[in-house]
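1. Pasting the sequence and the predicted model now:
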Amino acid sequence: MLVIKDLYAKVEGKEILKGINLTVNAGEVHVIMGPNGSGKSTLANVLAGNTNFEVTRGTVTFNGKDLLEMSADVRAKEGLFLGFQYPVEIPGVSMVNFLKTAVNEHRKYRDLPPLSAGDFLKLMREKKAMVQIDSQLTNRSVNEGFSGGEKKKNEIFQMAMLEPSLAILDETDSGLDIDALRIVSNGVNMLKTPNNATILVTHYQRLLDYIVPDFVHVLYLGRIVKSAGKELALELEEKGYDWIKKELGE
Amino acid sequence: MAETNKISAVQRISDIYEANRLKIGEGLPDWINNSRQSALDAFQRMGIPGFKNENYKYTDLTRLFERETFRRAFQPDEFEVDLKDVFSCDVPEFDTHLILVVNGWYDESNNLNKSFPEGVIIKSFQKAVTENSNLVEKYYGKLAKAVDDPLTALNTLFAQDGIFIYIPDNVHIIKPIQLINILRSEDDLFVTQRNLIIAGKNSEAKIMFCDHTLLPQNFIVNNVTEFEMDEDAVIDIYSIQNQHNKTANLTGLYIRQQRGSQLVTNSISLHGGIIRNNLNLSLDGEHAAAKICGLALTDKNQHVDNYTFIEHCKPNCQSNQLYKNILDDSSTGGFTGRIHVAPHAVKTQAYQRNNNVLLTNAAKMNTKPQLVIDNDDVKCSHGATVGRINEEALFYLQSRGINEKEARLMLMFAFAHEVLAEIKVDKLRDVIDKLVNKRLRGEVSKCHSCAMDCIRY
């Protein structure tokens, strides 16, 4: 599904990603961990098409297509979803208008007619129940005045509405209490199918009490320096990152 | 060079007045015609408003006036067509008392057989001067003083007609009064319009001004409205400025509010080459409240300048200003918000906000708050921002599959909507919402099936 080869990227002239290689297949859950400043969020943003980040080398193919050639909205319509670490508040843009526009843009891309108002509201009700988001939140402007937890739940709700084939969740678990964490994790698990894949960027093992990954990768200084199964996360939780740095000869 | 030109424009206009003074004063009483001489003196003293005048720092009209050799309509133009055929504002379910004004003249033939609630007078200003002389004489020129402003002086010099509205005490007009100002001329035209509105005690009304152009000629409009609000009156004034870009629309709105009255004004500037709105508000009775809003969407070489002067004369009054501009291409904008709180006007609340978005590097916005507060017991605030579209929000929308153009439009519309949300008539707000949306999309922002094409020229 996603094949990243030798990816280099910089932001404000500073090189952050220095040769990422990663392959994600349908049905897989990948976890990316790593110390602060190692490039995790940069990778997520580069994949989603944030133009503040400049790709200087490497290739990314997504379902056989050149991802880096696509604008952010086309990537979304091709099935890529970024759950933001800090979802933006957009006063004046209503949740309903925002989601309706997004859903119908996706449908247009697939040559489907726009949803009627009734069908759209039905879809929204269904997905709201699924991710257990407070009904009131969708009557407001996008993320405006939402608590940290509500913003993260809103990301999962949008993911449920758009049904991406690849979801990249950038620290969606940080800032969540246990209940919210459970709701978010349940959402992710419920949306999981053999045809889609998830990349979780996280600092904490605790998310992995709820979501079972197939692979855990450690990102350090812009490169994936270690990949293993879910047991790696436990080891990192216990020992920190120093032993990996030692392994690398630092 | 500039000095000689300035003199020549003032001289030329003075000459036009002298040559036509009999025509201008025809049918009007001496007390109106006598006020023209002091207006002429004031106009000659102040000259054409330009950079040298602090109040017109952001709108230099000297070039506009130097170039114009426009016709003056000293009497109503004759039209062969029924204006209702040309102009139809048939927004569904948007039912209004429709009044037509053509080139500054109340259009008698198209305003026949209008019925208004008991005691309400809506008629030609010129007629009101003789038929309702006690009212007109009591209020004419009391708020709009020629000595204070060159454009008001110019208006007083040439004033012949416009709209007169009188709402008696305790009368509530449910249907909005919609005044359609139409510019229609085969040659370039200079229009003078003088309006007087009197709202009695505890009266209630919503008044809407729609400014339009029907032909592609050059126009200059010099419009002055005096508006007296008696105790506990509740009045909304909405203004939709939708004239083509060869029009200069220079408006002066003077309002006095008595005790307990509540005012909302909202001016939406969609099209027009040069727009200058002067709004002078005097809160002259305790517990009067005013919400003053404006939205301007400009592109090409448009220029929109809003100047407000809010005077808190009595204690316990509240004023709240919200002005927003979205500027595209090489358009320019200005906002000056003057607030004066008098020494004895304690417990005043005066707020002001001006937010602007520049869409290009060539667009330019000038904004200036001017607060003069002469006592300690007040709550006042002001804030001004000039910025760009929030790139973070833009990426967020795009990352959900919304293309960049649509995402930008959503953000601009969201920015503009805060001003539109202040429109209290639901139907009207919907109509204006749609107009603004179309305007932002660069589509023809016609009011529904209206025959006019405001951006063609």
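-> Good, I have the coordinates.

2. didn't B:Asn403 look like it was pressed against A:Asp73?
-> Yes - assessed by Cβ atoms under 8 Å, B:Asn403 is found in contact with A:Asp73 at 4.7 Å. To be clear about C-beta, it is placed using only N, CA and C from the backbone, and glycine gets the same treatment.

3. Who has more neighbours out of those two?
-> Using other Cβ atoms under 10 Å in any protein chain shown as the criterion, B:Asn403 and A:Asp73 rank with A:Asp73 on top: 25 against 20.

4. Surely that one is in a strand?
-> No - applying DSSP: H, G, I helix; E, B strand; the rest coil, one finds A:Asp73 to be helix, outside a strand.

5. Could you list the contact residues of chain A toward chain B?
-> By Cβ under 8 Å from any Cβ of the partner chain, the residues of chain A that approach chain B are A:48-52, A:71-73, A:75-77, A:81-82, A:84, A:87-88, A:90-93, A:97-98, A:101-102, A:105-106, A:109, A:141-142, A:158, A:162.

6. Quick one, which of those residues are buried?
-> By neighbour count, with 16 or more other Cβ atoms under 10 Å in any protein chain shown, those hold A:48-50, A:72-73, A:75-77, A:81-82, A:84, A:87-88, A:90-93, A:98, A:101-102, A:105-106, A:109, A:141-142, A:158, A:162 as buried.

7. okay, now the residue in the stretch 351-457 of chain B positioned nearest to chain A: neighbour count?
-> Nearest residue of the stretch 351-457 of chain B to chain A: B:Ala414, at 2.7 Å (Cβ to the nearest Cβ). Applying other Cβ under 10 Å, we find 20 other residues in the vicinity of B:Ala414.

8. Same question for B:Ala384.
-> 17.

9. Report pLDDT for it.
-> With respect to pLDDT, B:Ala384 scores 96.

10. All the strands of chain A, residue numbers only.
-> A:2-11, A:14-24, A:29-33, A:53-62, A:65-66, A:80-83, A:90-94, A:141-142, A:166-170, A:197-201, A:215-220, A:223-228 (DSSP state E).

11. now, of these, which is deepest in the fold?
-> strand A:80-83 (a mean of 26; mean count of other Cβ atoms under 10 Å in any protein chain shown).

12. Tell me the strands beside it, with direction?
-> Applying DSSP bridges, strand A:80-83 is found paired with strand A:166-170 (parallel).

13. For the stretch 151-300 of chain B, give the residue positioned nearest to chain A.
-> Of all residues in the stretch 151-300 of chain B, the one sitting closest to chain A is B:Leu295 (12.7 Å; Cβ to the nearest Cβ).

14. what about the nearest residue to B:Glu131 once chain neighbours are set aside, neighbour count?
-> Distances taken as Cβ to Cβ, 6 or more residues apart in numbering or on different chains place B:Lys123 nearest to B:Glu131, at 7.5 Å, with adjacent residues excluded. For B:Lys123, the neighbour count with other Cβ under 10 Å is 18.

15. same check, this time on B:Val436
-> By the measure other Cβ under 10 Å, the count of residues near B:Val436 is 22.

16. Wait, A:Leu236 touches A:Tyr204, no?
-> No - under the criterion of Cβ under 8 Å, A:Leu236 makes no contact with A:Tyr204, lying 9.9 Å away.

17. So between the two, which is more surrounded?
-> Using other Cβ under 10 Å as the criterion, A:Leu236 and A:Tyr204 rank with A:Leu236 on top: 23 against 16.

18. Not including adjacent chain positions, what is the nearest residue to the more buried one?
-> A:Met33 (5.9 Å).

19. so where's the chain uncertain?
-> Picking chain A for this. A:250 (pLDDT under 70).

20. Chain B was what I was after
-> Ranges of chain B meeting pLDDT under 70: B:1-7, B:80-94, B:113, B:444-457.

21. mind listing the helices in it by residue range?
-> Here chain B has its helices, by DSSP state H, at B:2-25, B:30-33, B:35-46, B:62-67, B:83-86, B:125-131, B:133-139, B:150-158, B:391-398, B:404-420, B:426-441.

22. most packed of those?
-> helix B:150-158 (a mean of 25).

23. what's the distance between that helix and the middle of its chain?
-> 16 Å (Cα atoms, centre = their mean, to the nearest Å).

24. What lies in contact with stretch B:365-376?
-> Residues from elsewhere that reach stretch B:365-376 (Cβ atoms under 8 Å, 6 or more residues apart in numbering or on different chains): B:57-58, B:325, B:327, B:332-346, B:348, B:350, B:352, B:354, B:356, B:358, B:380, B:382, B:384, B:386.

25. Can you go through the residues you listed and name the buried ones?
-> B:57-58, B:325, B:327, B:332-342, B:345, B:348, B:350, B:352, B:354, B:356, B:358, B:380, B:382, B:384, B:386.

26. Can you give me the distance of A:Pro177 to chain B?
-> Check again: residue A:177 is Asp, not Pro. Between A:Asp177 and chain B the distance, using Cβ to the nearest Cβ, to the nearest Å, works out to 24 Å.

27. show me the contacts for the closest residue to that residue other than its chain neighbours.
-> In this structure, A:Asp177 finds its nearest non-sequential neighbour in A:Gly149, 6.5 Å apart by Cβ to Cβ, 6+ apart. When contacts are counted by Cβ under 8 Å, 6+ apart, A:Gly149 touches A:Gly175, A:Leu176, A:Asp177, A:Ala180.

28. for the residues you listed, which one is nearest B:Gly285?
-> Checking these against B:Gly285 with Cβ to Cβ, the nearest one is A:Gly175 at 51.8 Å.

29. Just confirm that closest one contacts A:Gly148, I think it does.
-> Yes - the pair A:Gly175 / A:Gly148 is scored as a contact, 4.2 Å apart, by Cβ under 8 Å.

30. Flag every residue of the stretch 351-457 of chain B that's near chain A.
-> B:390-393, B:395-404, B:406-407, B:410-411, B:413-415, B:417-418.

31. again, 7 Å this time
-> Near chain A, the residues belonging to the stretch 351-457 of chain B are B:392-393, B:395-396, B:398-404, B:406, B:410, B:414-415, B:417-418 when assessed by Cβ under 7 Å from any Cβ of the partner chain.

32. Just list the residues touching the residue nearest to A:Ala9 when sequence neighbours are not counted, thanks.
-> Spatial nearest neighbour of A:Ala9, excluding adjacent residues (Cβ to Cβ, 6+ apart): A:Leu17 at 4.2 Å. For A:Leu17, the contacting residues are A:Leu7, A:Tyr8, A:Ala9, A:Gly39, A:Thr42, A:Leu43, A:Val46, A:Gly222, by Cβ atoms under 7 Å, 6 or more residues apart in numbering or on different chains.

33. what do you get for B:Cys317?
-> Under the contact definition (Cβ under 7 Å, 6+ apart), the residues listed for B:Cys317 are B:Leu283, B:Glu286, B:His287, B:Ala288, B:Ala289, B:Ala345, B:Thr348.

34. Among these, list the two that are farthest apart in space.
-> Between any two of the contacts of B:Cys317 (Cβ to Cβ), the greatest distance is 13.5 Å, for B:Ala289 and B:Ala345.

35. Would you map the strands across the stretch 101-250 of chain B?
-> B:105-106, B:121-124, B:163-167, B:177-183, B:189-199, B:204-213, B:219-229, B:234-242, B:247-257 (DSSP state E, counting those that start in this stretch).

36. Of all the ones you listed, which one is nearest A:Lys192?
-> Using Cβ to Cβ, those put strand B:234-242 closest to A:Lys192, at 52.5 Å.

37. How far does that closest one sit from its chain's centre?
-> With Cα atoms, centre = their mean, you get 8 Å for strand B:234-242.

38. So what are the sheet partners of it and their directions?
-> Strand B:234-242 has its sheet partners listed here by DSSP bridges as strand B:204-213 (parallel), strand B:262-271 (parallel).

39. Let's have those in JSON lines, adding mean neighbour count.
-> Shown next, in JSON lines, are those (neighbours: other Cβ atoms under 10 Å in any protein chain shown):
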{"stretch": "strand B:204-213", "mean neighbour count": "24"}
{"stretch": "strand B:262-271", "mean neighbour count": "23"}
